[in-house]
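Got a predicted model here, sequence first, then my questions.
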Amino acid sequence: MELHIRYEGDDDPKKCTAKKLARFDLARLHRSHRETPYGVVLNPHAEQALSPADRASAGGIEDGGGDGRPTGGALVALDCSWESAGEARFSLAGEHRALPYLVAANPVNFGRPMRLTTVEALAAALVILGEREHAEQILAKFNWGETFLELNDEPLRRYAACADSTEVVSVQSAYLDR
Ligand SMILES: C[S@@+](CC[C@H](N)C(=O)[O-])C[C@H]1O[C@@H](n2cnc3c(N)ncnc32)[C@H](O)[C@@H]1O
């Protein structure tokens, strides 16, 4: 699955997880909305939750009935500071999806629900879309990366087993009600 990041460059470059992914050739950065490919856009303001049903739109391999080739599409995140991450910033072309309840493992927002870095968001999406090994590969570049999968092990496995967004939202309610 191809990982693309619309890179705003308004966050501390030393702590920026998107830049690090690009440095290791694990994601492509795009400096404008126009050059960012169409795909599944990870957007915390989106109305619909990401689910395994989004796999084909994110460029996954076609299941059942397909010819085993990638479908096109891409998984896209927007890297900007949380201070500037208002709804208007996410005017990218694509199918916008919010991640369900998960907690951050990065040192800035450790333990905080939903305040994920770009690499955490991409890794969570990969697990939900059935690409756990790819998620482990990108998180391996961060010394807290493995902790993210450990902290969220149960919810991630449950979301990845859902059929669609409605099921994901119903699983999520168990964590929100705690
Ligand atoms: C706001 S940026 C912050 C990036 C941070 N500066 C870094 O170095 O990684 C994080 C991005 O990850 C994705 N993201 C984070 N939490 C999300 C959520 N709950 N739902 C959907 N996407 C999310 C979005 O694309 C969001 O813009």
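Okay, I see it.

before we move on, which element is the residue nearest to the spatial centre of the chain in?
In the chain, the residue lying closest to the centroid (CA atoms, centre = their mean) is residue 122, at 2.9 Å. Using DSSP states H and E, residue 122 maps to helix 118-128.

just how off-centre is that helix within its chain?
With CA atoms, centre = their mean, to the nearest Å as the basis, helix 118-128 stands 4 Å off its chain's centre.

sorry, back to before: the residue nearest to the centre of the chain touches residue 141, doesn't it?
No. The pair residue 122 and residue 141 does not pass the contact test of CB atoms under 8 Å, sitting 11.7 Å apart. In this view, the C-beta of every residue, glycine as well, is placed from N, C-alpha and C.

which neighbours do the two share?
Applying CB atoms under 8 Å, 6 or more residues apart in numbering, one finds that residue 122 and residue 141 are jointly contacted by residue 21.

Quick check: closest non-adjacent residue to residue 98.
residue 46 (4.3 Å; CB to CB, 6 or more residues apart in numbering).

residues contacting that neighbour?
Contacts of residue 46 (CB under 8 Å, 6+ apart): 90, 96, 97, 98.

Quick check: of the residues you listed, which lies closest to the ligand?
residue 98 (4.4 Å; CB to the nearest ligand atom).

burial count for that closest one?
Residue 98 is flanked by 19 other residues according to other CB atoms under 10 Å.

Distance check, the residue nearest to residue 98 against residue 9.
23 Å (CB to CB, to the nearest Å).

ok, now residue 76?
From residue 76 to residue 9 the distance is 16 Å (CB to CB).

between these two, which one's more packed in?
Counted by other CB under 10 Å, residue 76 and residue 9 do not tie: residue 76 has more neighbours, with 30 against 13.

State the helix or strand in which that one lies.
strand 75-79.

Ok, residue 5 next?
strand 3-7.

quick one: whichever helix or strand comes after that strand to chain centroid distance?
Next in sequence after strand 3-7, counting helices and strands by DSSP H and E, comes helix 17-23. Remark: helix 17-23 is offset 14 Å from the chain centroid, using CA atoms, centre = their mean.

For this structure, give me the ranges with low pLDDT.
Flagging of the chain using pLDDT under 70 yields the residue ranges 61-72.

near the ligand, which residues of it?
11, 15-18, 42-44, 77-82, 85, 98-99, 114, 116-118, 121 (CB under 6 Å from any ligand atom).
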